[in-house]
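Q: Structure, please.
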Amino acid sequence: MRLTSVLRRMFSSLATRNFRIYLIGQVISNTGTWMQSIAMSWLVIRVTGSGVDLGLVSAASFLPVLIFGTFAGVVVDRFPRRTILLITQSLFLLQALGFFVLTYSGSIKLWMIFALSLFFGAVNTVDPTARQSFVEQLAGRDRLQNAVSLNSVTFNASRAVGPAIAGILILTVGLSYAFLFNAISFIAVIVALFALRKSEMYPYQPQVRSKGQVREGLAYVREHSILAVTLIGIFLVGTLAYNFNVTLPLLAKYTFHGNAGTLSLLTSCFGVGAIAGGLWTALAADAKLARLAKLAAVFALAMLGLTISPNVWLASGALLLMGAFSLAFIAQANSLLQLNSEPALRGRVMALYSVGFLGSTPIGSPIIGWVAQTYGVRWSLLLGVLSIAATAWLFHLWAVRKRVATLGVVEATTIS
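A: Residues are numbered from 1 along each chain as shown. Prediction:
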């Protein structure tokens, strides 16, 4: 009976039909996305063998998010999110088809990889903000924390499965088919979006166009310190730690002298760990910065374990732990931002989250790639460890300060 209760609470948001259908489409699409991620990283290594080039391609994929990401929140707050997602998923499909045609024909060049990566980045400027803001419309505010966690679980379940399939395809029929599968997988999301019942969506009123909406969002974050502190921490971790699309391929190729199968193993282990972390987070009743500090501290220790792992098997074990605590950290941060934001401004707040988490990649990836190529992959991983540890300390200090301030208010009220 107790197990049944735990499982019901863990998967509570799946009781909502719209969210359930949406999640199924996301599982299929995310599997294809991770297949493409593995294929593209291996493609760059095959074409140039350069850690710097790999970092620059990664940067190109997220440069538009850094430049235009804050404006994406205004778009998401102003237009129907379902419509936005139908457009972005269709454009992602075209990008994946472009990669397939060019790799299958053997005409792919480095500049083409950069061009398609920039195209991906332009679409990705709006897509993640729309997806994150759309979850509440599907599952409702009461189930938001659970829905965000399960959404993250499916993303990382795909991280466990997609790279494994990509590794098999690359080693047997060629990496171009990983791009083809990704293109086909976007059809699942598009079908799911059309299958949603508008009458069962939770109400949301798009904002009327007006001047100063970006400044309004920035001012709102400045006035709410919990949002500002969380976003600063996300930016630190996103810049120097979340560059696994650079560090893991280099670790597999040059540190452990492996192949695409090795990279698939490492990425899948991270994904399996993230599934466990996401399911645990789905049970949490709320999101607090003090808990985020603890999660960041353990995340840093797990990444330190990866940094010093002498072989691929110990590295795989460290990645299982990293996946669990990194996912718990990100899902809790996402929920904390959404639960502490007004509905009318949530799109703009989550746009800043995307800028901090994804838009920081153009800054961090070339740095991490250069450090890895110049001093070794382990030093680039150590930079990530230090950034996560600094974030844990920042969150801990803010939580302590807030607790002291709250106690002071209570004591003053009692005395009066």
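
Q: Please list all residues in contact with L251.
A: Listed by Cβ atoms under 8 Å, 6 or more residues apart in numbering, the contact set of L251 reads L266, A315, V377, L381. C-beta: built from backbone N, CA, C; applies to glycine.

Q: Output the helix or strand encompassing the first one as PDB, nothing but the C-alphas.
A: Per DSSP states H and E, L266 falls inside helix 260-282. Extracted in PDB, the C-alpha atoms of helix 260-282 (Å, rounded to 0.1, in the frame of the first residue of the first chain):
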ATOM      1  CA  ALA A 260      31.800   6.000 -30.800                       C
ATOM      2  CA  GLY A 261      30.700   3.100 -28.700                       C
ATOM      3  CA  THR A 262      32.700   4.400 -25.800                       C
ATOM      4  CA  LEU A 263      31.100   7.800 -26.100                       C
ATOM      5  CA  SER A 264      27.700   6.200 -26.200                       C
ATOM      6  CA  LEU A 265      28.400   4.200 -23.000                       C
ATOM      7  CA  LEU A 266      29.500   7.300 -21.100                       C
ATOM      8  CA  THR A 267      26.500   9.300 -22.300                       C
ATOM      9  CA  SER A 268      24.100   6.500 -21.600                       C
ATOM     10  CA  CYS A 269      25.400   6.100 -18.000                       C
ATOM     11  CA  PHE A 270      24.800   9.800 -17.400                       C
ATOM     12  CA  GLY A 271      21.300   9.400 -18.700                       C
ATOM     13  CA  VAL A 272      20.500   6.300 -16.500                       C
ATOM     14  CA  GLY A 273      21.700   8.200 -13.400                       C
ATOM     15  CA  ALA A 274      19.600  11.200 -14.400                       C
ATOM     16  CA  ILE A 275      16.500   9.000 -14.600                       C
ATOM     17  CA  ALA A 276      16.900   8.000 -11.000                       C
ATOM     18  CA  GLY A 277      17.600  11.600 -10.000                       C
ATOM     19  CA  GLY A 278      14.500  12.800 -11.800                       C
ATOM     20  CA  LEU A 279      12.200  10.200 -10.200                       C
ATOM     21  CA  TRP A 280      13.500  11.100  -6.800                       C
ATOM     22  CA  THR A 281      12.900  14.800  -7.500                       C
ATOM     23  CA  ALA A 282       9.300  14.000  -8.700                       C
END
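
Q: Packing partners of the very next helix or strand once past that helix?
A: With elements assigned by DSSP H and E, the helix or strand that comes after helix 260-282 is helix 289-308. Contacts defined by 3 or more Cβ pairs under 8 Å, 6 or more residues apart in numbering; DSSP states H and E place helix 289-308 against helix 225-240, helix 312-339, helix 377-415.

Q: quick one: average pLDDT of the helix holding L266?
A: Mean per-residue pLDDT for helix 260-282: 83.

Q: the inter-axis angle of that helix versus helix 289-308?
A: 160 degrees (axes from the mean of the first three to the mean of the last three Cα atoms, to 10 degrees).

Q: tell me which strands and helices helix 260-282 is in contact with?
A: helix 2-10, helix 17-47, helix 144-172, helix 244-250, helix 312-339.

Q: Going by neighbour count, list what's buried in that helix.
A: 260-282 (16 or more other Cβ atoms under 10 Å).

Q: follow-up on the earlier one: which of the helices and strands packed on helix 289-308 sits most buried?
A: helix 312-339 (a mean of 23; mean count of other Cβ atoms under 10 Å).

Q: Now do that helix against helix 260-282, angle only.
A: 40 degrees.

Q: what angle do helix 312-339 and helix 225-240 make?
A: Using the same axes, to 10 degrees: helix 312-339 against helix 225-240 is 150 degrees.

Q: what bits of the stretch 301-416 of the chain have low per-residue confidence?
A: Residue ranges of the stretch 301-416 of the chain with pLDDT under 70: 404-416.

Q: at 90 what do you get?
A: 327-328, 330-370, 373, 399-416 (pLDDT under 90).

Q: cool, the stretch 101-250 of the chain as well?
A: In the stretch 101-250 of the chain (pLDDT under 90), the answer is 124-125, 128-175, 198-218, 222, 224-225, 238, 242-246, 249-250.

Q: Run through the helices of the stretch 51-200 of the chain in chain order.
A: 51-78, 81-105, 110-124, 127-139, 144-172, 176-195 (DSSP state H, counting those that start in this stretch).

Q: which secondary structure elements does the fourth one contact?
A: Spelled out, it's helix 127-139. helix 17-47, helix 51-78, helix 81-105, helix 144-172, helix 312-339, helix 346-354.

Q: Pick the most buried one from those.
A: helix 346-354 (a mean of 28).

Q: after it comes which helix or strand?
A: helix 361-375.

Q: Next, the angle helix 225-240 makes with that next one.
A: Using the same axes, to 10 degrees: helix 361-375 against helix 225-240 is 40 degrees.

Q: ok now helix 361-375, how far from the chain's centre?
A: Taking the mean of its C-alpha atoms, helix 361-375 sits 19 Å from the chain's own mean (Cα atoms, centre = their mean, to the nearest Å).

Q: Alpha carbons of that helix, as PDB, please.
A: Written as PDB, here are the backbone C-alpha positions of helix 361-375 (Å, rounded to 0.1, in the frame of the first residue of the first chain):
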ATOM      1  CA  THR A 361      27.500  27.500 -23.800                       C
ATOM      2  CA  PRO A 362      29.000  29.900 -26.400                       C
ATOM      3  CA  ILE A 363      31.100  31.400 -23.600                       C
ATOM      4  CA  GLY A 364      32.000  28.100 -21.800                       C
ATOM      5  CA  SER A 365      32.400  25.600 -24.700                       C
ATOM      6  CA  PRO A 366      35.400  27.300 -26.400                       C
ATOM      7  CA  ILE A 367      37.100  27.800 -23.100                       C
ATOM      8  CA  ILE A 368      36.500  24.200 -22.100                       C
ATOM      9  CA  GLY A 369      37.600  22.900 -25.500                       C
ATOM     10  CA  TRP A 370      40.800  25.000 -25.400                       C
ATOM     11  CA  VAL A 371      41.700  23.900 -21.900                       C
ATOM     12  CA  ALA A 372      41.000  20.300 -22.800                       C
ATOM     13  CA  GLN A 373      43.200  20.500 -25.900                       C
ATOM     14  CA  THR A 374      46.000  22.500 -24.200                       C
ATOM     15  CA  TYR A 375      46.200  21.000 -20.700                       C
END
